[in-house]
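Asks: mind folding the following:
(chains A and B)
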Amino acid sequence: MAEDNRIHVMDEADVHRAIARMAREIVERNGGTEALTLLGIHRRGTDIALLLRDEIERASGDRVAYGSIDITLYRDDLMTIGPAPVVGASDLPQSGIDDRNIVIVDDVLYRGRTARAALDELTDWGRPGRIFLCVLVDRGGRELPIQPDIVGREVPVMENQRVDVLVPALDGRLGVEIAFLDAESQ
Amino acid sequence: MNPSVSSLGKDLVGLEDLSGDQIISILDTAEPFKEISERRIKKVPVLRGKTIVNLFFEASTRTRVSFEFAEKRLSADTVNIAASGSSVVKGETLVDTARNLEAMRIDMVVMRHGSSGAARFLAERIPSSVINAGDGQHEHPTQALLDLLTIRDHMGRIEGLRVCIVGDVLHSRVARSNIYGLLKLGAEVAVCGPPTLMPPAIQELGVTAFTRIEEAIEWAGVLNVLRLQLERMHGGFVPSLREYNRIWGVSSQRLAAAPRDVLVLHPGPMNRGVEIDSDVADGPHSVILNQVTNGVAIRMAVLYLLAGGRQESAEAAKQGGEA
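Replies: Residues are numbered from 1 along each chain as shown, chains lettered A, B, ... in the order given. As a prediction, this is how the structure comes out:
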């Protein structure tokens, strides 16, 4: 799968090192694991959130609440794209989100519109104590005033490039690559 | 690129027009919508700013309220119009009523009408999306879709199941929509009821006809018990309600004789003690209230799929890419 037009940014070991550091930062920002809840954004954000949870639980010995959210119904372009995208289910932890310290986890932060949608959805679910935004890759190019709190790696790329975070469940391996949109069909 | 579900087009007139894949995509889309009704704030911003008119020319409680909940939980603005008390009683035609509503800039019409074919007639004449909430003895697609979802929830599948529709098939748009939907998803379908309440040549739709309820219960894994539509019967269909119940009624004694557990559905409103006995309606076989709950999710899914997915904007989406 090592095509010429794909640039390898992070391999499996790089991702694991980034996850370990991000996990430490999350615990540090939160002042421990008290009230901590990780929420992965469907789809690849959920895989990154699970890696972070496992790492935090391994390092601290505490159980950390975990859930996933699907932001499809909160997209700001829902009625202008077509055909209608598949809606996934949101699955919140038993502890709920009221007064919890929520860490929204996504694979790539780009325009900031997904994070905006996630914030809106969380507001409908309840009133968290704090919300952090944590992403494996920040590729720049924001269109909204949104900044991440915890970043695995900053990867500045061009408009015609796409950052792919590969996860074992969907891609068979862990890593980060850049693809050129011109060179491929999509 | 986000995966997308098969487009339904502008309207939902009947399941006869849909493919098996389109029906499955409606059922799959309804799954995540179930959860929204369990939230503390039962609302998502999907149809914000859309105006939907519920145009009910016939009496309805369940379907009208179910549509209205679905619309409101998707943040649409809704207006309800009942035939009594509207300009319809002054002699306005259906198309004129709809065109006047169009002139006030609406996006969708949910319509129930006493005449078979009314939904298609309207859909072909106005640019808004039209959803059929029951037209005469033709179709009631969202009822059949919620029946399919409820069956799939409890049996795990539709394909290969034996489903028998019991009772007043002649007057039933629910029966027609169910037959189309079940056959397209690979179920075996039978009907059972008095010959006076069977449409002629019903077998041509691809269903088996039973004349005795005991045979139907022996054969089926799922019974969909229809309401005896007394308001549409002007004489001579059944000798008496008591006799109908004695010969055709679904009772717990009859279900006890079945070789397997039979799932019992009823589209409502029930005539207790006529087509279905109370101990069945309230018993362990019954999923009648699950049907009602699923009805809201199904209607949310249909509204979502019809509102999204405009063909002309598909090109714009290709430029969109990741968010």
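Asks: use CA for all of it now, contacts and neighbours both
Replies: Noted.
Asks: and for the residue in the stretch 101-250 of chain B positioned nearest to chain A, the neighbour number?
Replies: Closest residue of the stretch 101-250 of chain B to chain A, Cα to the nearest Cα: B:Asp107 (12.3 Å). By other Cα atoms under 10 Å in any protein chain shown, the residues close to B:Asp107 number 19.
Asks: per-residue pLDDT, it?
Replies: Here, the pLDDT recorded for B:Asp107 equals 94.
Asks: test my guess that it contacts B:Ile52.
Replies: Yes. Using Cα atoms under 8 Å, B:Asp107 makes contact with B:Ile52 at a distance of 5.9 Å.
Asks: need the contact list for A:Arg130.
Replies: A:Asp99, A:Arg100, A:Asn101, A:Ile102 (Cα atoms under 8 Å, 6 or more residues apart in numbering or on different chains).
Asks: from A:Asp106, how far out is the closest residue in space to the first one that isn't next to it in sequence?
Replies: I take that to be A:Asp99. Computed as Cα to Cα, 6 or more residues apart in numbering or on different chains, the closest residue to A:Asp99 that is not its neighbour in sequence is A:Gly129, at 4.0 Å. Note on A:Gly129: its distance to A:Asp106, by Cα to Cα, to the nearest Å, is 20 Å.
Asks: who has more neighbours out of those two?
Replies: Ranked by neighbour count (other Cα under 10 Å), A:Gly129 and A:Asp106 place A:Asp106 first, with 25 against 13.
Asks: in which helix or strand would I find the spatially most central residue of chain A?
Replies: Centre of chain A computed as the mean C-alpha position; nearest residue by Cα atoms, centre = their mean is A:Asp106, 0.8 Å away. Assigned by DSSP states H and E, A:Asp106 belongs to strand A:101-109.
Asks: now swap in A:Ile48 and tell me
Replies: Using DSSP H and E, A:Ile48 maps to helix A:44-60.
Asks: buried residues in that helix?
Replies: A:44-56 (16 or more other Cα atoms under 10 Å in any protein chain shown).
Asks: rounded mean pLDDT for that helix, please.
Replies: 96.
Asks: CA atoms only: put that helix into PDB for me.
Replies: C-alpha atoms of helix A:44-60 as PDB (Å, rounded to 0.1, in the frame of the first residue of the first chain):
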ATOM      1  CA  ARG A  44     -12.000   7.300  13.600                       C
ATOM      2  CA  GLY A  45     -12.200   9.600  16.700                       C
ATOM      3  CA  THR A  46     -13.600   6.600  18.600                       C
ATOM      4  CA  ASP A  47     -10.500   4.500  17.900                       C
ATOM      5  CA  ILE A  48      -8.200   7.200  19.000                       C
ATOM      6  CA  ALA A  49     -10.300   7.800  22.100                       C
ATOM      7  CA  LEU A  50     -10.100   4.100  23.000                       C
ATOM      8  CA  LEU A  51      -6.300   4.100  22.600                       C
ATOM      9  CA  LEU A  52      -6.200   7.200  24.900                       C
ATOM     10  CA  ARG A  53      -8.500   5.500  27.500                       C
ATOM     11  CA  ASP A  54      -6.400   2.400  27.600                       C
ATOM     12  CA  GLU A  55      -3.200   4.400  28.000                       C
ATOM     13  CA  ILE A  56      -4.700   6.600  30.800                       C
ATOM     14  CA  GLU A  57      -6.100   3.500  32.600                       C
ATOM     15  CA  ARG A  58      -2.800   1.700  32.300                       C
ATOM     16  CA  ALA A  59      -0.800   4.600  33.600                       C
ATOM     17  CA  SER A  60      -3.200   5.600  36.400                       C
END
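Asks: and the next helix or strand after it with strand A:101-109, angle?
Replies: Next helix or strand after helix A:44-60 toward the C-terminus (DSSP H and E): strand A:65-69. Orientation of strand A:65-69 against strand A:101-109 (axes from the mean of the first three to the mean of the last three Cα atoms, to 10 degrees) gives an angle of 50 degrees.
Asks: show me what strand A:65-69 is packed up against.
Replies: strand A:36-41, helix A:44-60 (3 or more Cα pairs under 8 Å, 6 or more residues apart in numbering or on different chains; DSSP states H and E).
Asks: got JSON lines for these, with distance to B:Ala201 too?
Replies: Listed next are the helices and strands packed on strand A:65-69 as JSON lines, based on distance: least, Cα to Cα, whole Å:
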{"stretch": "strand A:36-41", "distance to B:Ala201": "53"}
{"stretch": "helix A:44-60", "distance to B:Ala201": "53"}
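Asks: distance to chain B for these - can I get that in TSV?
Replies: What follows is the helices and strands packed on strand A:65-69, written out as TSV (distance: least, Cα to the nearest Cα, whole Å):
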stretch	distance to chain B
strand A:36-41	12
helix A:44-60	12
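Asks: which stretch among the ones you listed comes nearest A:Arg75?
Replies: Among those, strand A:36-41 comes nearest to A:Arg75, with 12.7 Å by Cα to Cα.
Asks: residues in contact with that closest one?
Replies: Under the criterion Cα under 8 Å, 6+ apart, residues A:30, A:46-50, A:53, A:64-71, A:92, A:97, A:100-106, A:118 lie in contact with strand A:36-41.
Asks: and chain A, which residues reach chain B?
Replies: Counting by Cα under 8 Å from any Cα of the partner chain, chain A comes close to chain B at A:73-74, A:78-90, A:110-114, A:124-125.
Asks: buried subset of these as a PyMOL selection?
Replies: PyMOL command restricting the residues of chain A next to chain B to the buried ones, with burial defined by 16+ other Cα under 10 Å:
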select buried, chain A and resi 73+74+78+79+80+81+82+83+84+85+86+87+88+89+90+110+111+112+113+114+125
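Asks: list the residues that contact residue 53.
Replies: Answering for chain A, as no chain was given. The contact partners of A:Arg53, by Cα under 8 Å, 6+ apart, come to A:Ala23, A:Leu38, A:Val64, A:Tyr66.
Asks: the intended chain is chain B.
Replies: So B:Val53 contacts B:Thr78, B:Val79, B:Asn80, B:Ile81, B:Ile106, B:Met108, B:Val109, B:Val110 (Cα under 8 Å, 6+ apart).
Asks: so how far is stretch B:154-166 from its chain's centroid?
Replies: Averaging C-alpha positions (Cα atoms, centre = their mean, to the nearest Å) puts stretch B:154-166 16 Å from its chain's average.
Asks: give me the residues contacting it.
Replies: Contacts of stretch B:154-166 with the rest of the structure, by Cα under 8 Å, 6+ apart, involve B:148, B:151-152, B:175, B:182, B:185-193, B:213, B:216, B:219-226.
Asks: how about stretch B:30-42?
Replies: Stretch B:30-42 has contacts (Cα under 8 Å, 6+ apart) with A:87-90, A:124-125, B:43-44, B:73, B:294, B:296-301.
Asks: which stretches of chain A form helices?
Replies: For chain A, applying DSSP state H gives helices covering A:12-30, A:44-60, A:113-125, A:168-171.
Asks: and the contacts of stretch B:154-166, which of them are in strands?
Replies: Among those, the members falling in strands (DSSP state E) are B:Glu188, B:Val189, B:Ala190, B:Val191, B:Cys192, B:Val222, B:Leu223, B:Asn224, B:Val225.
Asks: in JSON lines: those, plus neighbour count.
Replies: Compiled in JSON lines, those are given as follows (neighbours: other Cα atoms under 10 Å in any protein chain shown):
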{"residue": "B:Glu188", "neighbour count": "20"}
{"residue": "B:Val189", "neighbour count": "23"}
{"residue": "B:Ala190", "neighbour count": "22"}
{"residue": "B:Val191", "neighbour count": "25"}
{"residue": "B:Cys192", "neighbour count": "26"}
{"residue": "B:Val222", "neighbour count": "22"}
{"residue": "B:Leu223", "neighbour count": "25"}
{"residue": "B:Asn224", "neighbour count": "22"}
{"residue": "B:Val225", "neighbour count": "24"}
